[in-house]
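**Q** A structural model of the following input is requested.
(chains A, B, C, D, E and F)
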There are 4 protein chains.
Amino acid sequence: MSDIGHNSVNTDTAKRLLSIIERIERLEEERKALGDDVKDIYKEAKSAGFDAPTIRLIIKRRAEDEAKREEREALLETYLAALGQLADTPLGKAAQERF
Amino acid sequence: MSDIGHNSVNTDTAKRLLSIIERIERLEEERKALGDDVKDIYKEAKSAGFDAPTIRLIIKRRAEDEAKREEREALLETYLAALGQLADTPLGKAAQERF
Amino acid sequence: MSDIGHNSVNTDTAKRLLSIIERIERLEEERKALGDDVKDIYKEAKSAGFDAPTIRLIIKRRAEDEAKREEREALLETYLAALGQLADTPLGKAAQERF
Amino acid sequence: MSDIGHNSVNTDTAKRLLSIIERIERLEEERKALGDDVKDIYKEAKSAGFDAPTIRLIIKRRAEDEAKREEREALLETYLAALGQLADTPLGKAAQERF
DNA sequence: GTTGATCTTATTTCTC
DNA sequence: GAGAAATAAGATCAAC
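**A** Residues are numbered from 1 along each chain as shown, chains lettered A, B, ... in the order given. Now for the predicted structure:
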């Protein structure tokens, strides 16, 4: 094995590592910028007379509701898939007619 | 004051609050998406044989203010030196064995 | 099998389950109490002018297997060296500035 | 200032640091031992045919119930205290009669 | 044996 | 700035 070949492998590895690091750093920067934007909105909200903790609570509740809704939808989907399996059976046909 | 006027104030306030909430939610969604992207990169790194915690450490060091990092390391050295100082005392001897 | 016999099996099972649950809860309570004690000591440390994260780091190092720690540090050195290797390339020069 | 005096301050500080560290380590050891005990019980439970995640869930629910119960009691206490304030008023007297 | 998932711990962020 | 809450990180454990 030549040193050149050996070094090129290391260099490729190093480049890949650097690429990984820089991509993460880039994404984290964007993440931070978004976080700052959120802060600005809270500041604006406060100026408009709204209470930050209350807004946080509302957002939290909406997220929870959303999660519940998605859970229900997933359940419905599962149910419909199960029905699909039964579509060729008499029981399935009867069930489908009820939709 | 007319009811119409009164209601329009409330409606405007409600609209503004809703706008604030939705903008925050939108930004948080983007933030979450970026977070998921970061996770994916760490997964990719792992697949390529890199150690995630070490990568995190490198990123932390790159992000960290040089002065701050040196301060932190100096503090660690100070504490370790203080503990080392006890090495000649009976109490310290026992502790020393753990380093 | 008589109903009486059947029920006694269920009762025994329930009792055993309850015993398991209560023993776990008891242990978890003690665990929590110890955790609170630890928190108190960190608070005391802070009051005495010590830096909690640094103390955590020292405790981690003391606990950590010496071999493991050296391995981790060696890995960090390897990664940094790999990145340093790129220092003579255009790509590396840009990265280098961040160290 | 004499070196002796100076060193004694440092030594005292070092001793205090060591004391802090060792107390934390001692507590963490106990905590770990308790954690191992918990694990043993889960193992025992599994051997007896019980499902660990289910047991965890039950314990979680019991803890939540307990928290709620305490919250209700705190609320009741607050209410009773408020009633106490009213004890000398006609309204308070009427309310108390309803208990 | 390796990924996924859960659970705990640690840091950061927010509120008061 | 102190305490509490949320988020992120790490470790451990189960399942495939």
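**Q** tell me the pLDDT at the residue of chain A found nearest DNA strand F?
**A** Using Cβ to the nearest atom of the strand, residue A:60 is the residue of chain A that sits closest to DNA strand F, at 6.4 Å. Every C-beta, even on glycine, is put in place using the N, C-alpha and C of the backbone. Per-residue confidence for residue A:60 comes out at a pLDDT of 95.
**Q** that one: what's it in contact with?
**A** For residue A:60, no residue counts as a contact, taking Cβ atoms under 8 Å, 6 or more residues apart in numbering or on different chains as the criterion.
**Q** how close does it sit to chain D?
**A** Between residue A:60 and chain D the distance, using Cβ to the nearest Cβ, to the nearest Å, works out to 18 Å.
**Q** can you check residue A:77 too?
**A** Note on residue A:77: its distance to chain D, by Cβ to the nearest Cβ, is 24 Å.
**Q** tally up the residues packed near that residue, please.
**A** The number of residues packed around residue A:77, counting by other Cβ atoms under 10 Å in any protein chain shown, is 10.
**Q** quick one: contacts for it?
**A** By Cβ under 8 Å, 6+ apart, residue A:77 has no neighbours at all.
**Q** distance of it relative to residue A:69?
**A** Distance from residue A:77 to residue A:69, counting by Cβ to Cβ, to the nearest Å: 13 Å.
**Q** what of residue A:50?
**A** Spatial separation of residue A:50 from residue A:69 under the definition Cβ to Cβ is 26 Å.
**Q** between the two, which has more neighbouring residues?
**A** When residue A:50 and residue A:69 are compared for neighbours, residue A:50 comes out ahead with 17 against 10, by other Cβ under 10 Å.
**Q** nearest spatial neighbour of that one, skipping sequence neighbours?
**A** The spatially closest residue to residue A:50, leaving aside those adjacent along the chain, is residue B:17, at 6.2 Å (Cβ to Cβ, 6 or more residues apart in numbering or on different chains).
**Q** if I look at that neighbour, how far off is residue A:51?
**A** On the measure of Cβ to Cβ, residue B:17 and residue A:51 end up 10 Å apart.
**Q** of the two, which one has the most company?
**A** Residue environment comparison for residue B:17 versus residue A:51 gives the larger neighbour count to residue B:17, 17 against 10, counting by other Cβ under 10 Å.
**Q** model confidence over the strand or helix carrying residue A:17, on average?
**A** With elements taken from DSSP states H and E, the one containing residue A:17 is helix A:3-47. Helix A:3-47 shows a mean pLDDT of 91.
**Q** list the buried ones in stretch A:33-47?
**A** For stretch A:33-47, the neighbour count (16 or more other Cβ atoms under 10 Å in any protein chain shown) marks A:34, A:38, A:41, A:45 as buried.
**Q** follow-up on the earlier one: now do the helix holding residue A:17 against helix B:3-47, angle only.
**A** Note on geometry: by axes from the mean of the first three to the mean of the last three Cα atoms, to 10 degrees, helix A:3-47 and helix B:3-47 are set 160 degrees apart in direction.
**Q** indicate whether helix A:3-47 makes contact with DNA strand E.
**A** Yes. Using Cβ under 7 Å from any atom of the strand as the criterion, contacts between helix A:3-47 and DNA strand E involve A:35, A:38-39, A:42.
**Q** chain center to that helix, what's the gap?
**A** Between the centre of helix A:3-47 and the centre of its chain there are 18 Å (Cα atoms, centre = their mean, to the nearest Å).
**Q** and the next element down the chain from it?
**A** On the C-terminal side of helix A:3-47, the nearest following helix or strand under DSSP H and E is helix A:52-86.
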